[in-house]
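Peer 1: here you go, sequence then predicted model.
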Amino acid sequence: MPMSPTSKAFLQIHFCVVLWGFTAILGKLITLPALPLVWTRMLLVVVALALLPKVWRGLRAMPARLLWSYAGVGVLVALHWLTFYGAIKLANASVGATCMALATAFTALVEPWLAGTRFSKRDLVLGIAVLPGVALVVGGVPDDMRVGIVVGALSALFVAIFGSLNKRLVDHGDPLTVTALELGAGTLALTALAPLMPFVFPAFAGDLLVMPGTRDLVLLLVLSLACTLLPFALSLVALRHTSAFSVQLAVNLEPVYAIALAIVLLGEQQELAPMFYLGVVIILAAVFVHPLLGKPRRLEHVEVLATAEAKNVVE
């Protein structure tokens, strides 16, 4: 019996979410420090997108003001990815994925300031509701992982900021073009930041010009192509046949999949106390309830699906 377009789109979105869940796992498995890992990933995605004539046509048609605006957002994207993978290196994949769930709460709080939207009591309740979960998460990890939680929370804040800034842009380019522009600008920003990184945050630093080993290179290709571009392309197709609300609920499962994969593939449950997982349940419950309490908005700026690990901020 042939599958309906809506059912097919639903399965495609969930397949994308599973692939996105692997980004945290691959970040832990790749032995490179955070800076060369993120720089190489961004460079590979930009090179792949640069092969598409559609991207170049979109760049030529984009006004200069919009080019610079998206380039500025791209710097924030680079800092988001740098701190996300930095959190994974400083703690583990479960911690990094959990911190990304905080992006929804951060967005609810900062979007009214940056995007000019009305502040709602529902968003305030969401921000308050995640606080007990955060406290339990912090209490459920070893002391040496807590700096990873701080860095991961900073990464979620970067998502909230650049997601909100994207919503302020009046004109909208083609999603593939915007993704190439933002990641290209982010790659250049990390290149400029690399000489300073040993002095700013030595734990993230690494030589950008050293060729990764075969294993790391294969994993980087999987991360860049199979876990970034492939689900991005599939999600753009699926969004034509499904609602913003169903997509929102599906992408909220990303940290769930990431944590489950971390348990199965990395055995991270041995590093974390039950208190951590109780905190995760509280945070995710608040994130899941949030879209149920209000009218879902039309999906805008779908480029965030490619440039953020926290896809649940896209509404």
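Peer 2: Looks like it came in fine. Residues are numbered from 1 along each chain as shown.

Peer 1: helix or strand next in line after the helix or strand containing residue 67, which one?
Peer 2: Assessed by DSSP states H and E, residue 67 sits inside helix 64-90. Sequence order places helix 93-100 as the next helix or strand after helix 64-90, per DSSP H and E.

Peer 1: so which elements touch that following helix?
Peer 2: Contact analysis of helix 93-100 by 3 or more C-beta pairs under 8 Å, 6 or more residues apart in numbering; DSSP states H and E lists helix 5-29, helix 64-90, helix 146-168, helix 254-261, helix 274-292 as its packing neighbours. In short, each C-beta sits where N, CA and C put it, glycine included.

Peer 1: tell me the contacts of residue 219?
Peer 2: By C-beta atoms under 8 Å, 6 or more residues apart in numbering, the residues touching residue 219 are 26, 29, 30.

Peer 1: again, but for residue 68
Peer 2: By C-beta under 8 Å, 6+ apart, the contact list for residue 68 is empty.

Peer 1: could you measure from it over to residue 185?
Peer 2: Distance of residue 68 to residue 185, computed by C-beta to C-beta, to the nearest Å: 9 Å.

Peer 1: report how many residues lie close to the residue lying closest to residue 222 once chain neighbours are set aside.
Peer 2: Excluding the flanking residues, the one nearest residue 222 by C-beta to C-beta, 6 or more residues apart in numbering is residue 26, at 6.4 Å. Residues near residue 26, counting by other C-beta atoms under 10 Å, number 20.

Peer 1: do residue 151 as well
Peer 2: Neighbourhood size, residue 151 [other C-beta under 10 Å]: 26.

Peer 1: just checking, it touches residue 86?
Peer 2: Yes: using C-beta atoms under 8 Å, residue 151 is in contact with residue 86, at 5.1 Å.

Peer 1: so how far is residue 262 from the residue nearest to residue 222?
Peer 2: Residue 26 is 11 Å from residue 262, by C-beta to C-beta.

Peer 1: what's the answer for residue 277, then?
Peer 2: 11 Å.

Peer 1: who has more neighbours, those two?
Peer 2: Neighbour count, other C-beta under 10 Å: between residue 277 and residue 262, residue 262 has more, with 25 against 17.

Peer 1: look at the more buried one and report its pLDDT.
Peer 2: Residue 262 carries a pLDDT value of 94.

Peer 1: same question for residue 214.
Peer 2: 96.

Peer 1: hang on, the earlier thing: is it possible to export the helices and strands packed on helix 93-100 to JSON lines including distance to residue 224?
Peer 2: Output for the helices and strands packed on helix 93-100, formatted as JSON lines (distance: least, C-beta to C-beta, whole Å):
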{"stretch": "helix 5-29", "distance to residue 224": "10"}
{"stretch": "helix 64-90", "distance to residue 224": "12"}
{"stretch": "helix 146-168", "distance to residue 224": "19"}
{"stretch": "helix 254-261", "distance to residue 224": "18"}
{"stretch": "helix 274-292", "distance to residue 224": "27"}
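
Peer 1: quick one: closest of these to residue 38.
Peer 2: helix 64-90 (4.5 Å; C-beta to C-beta).
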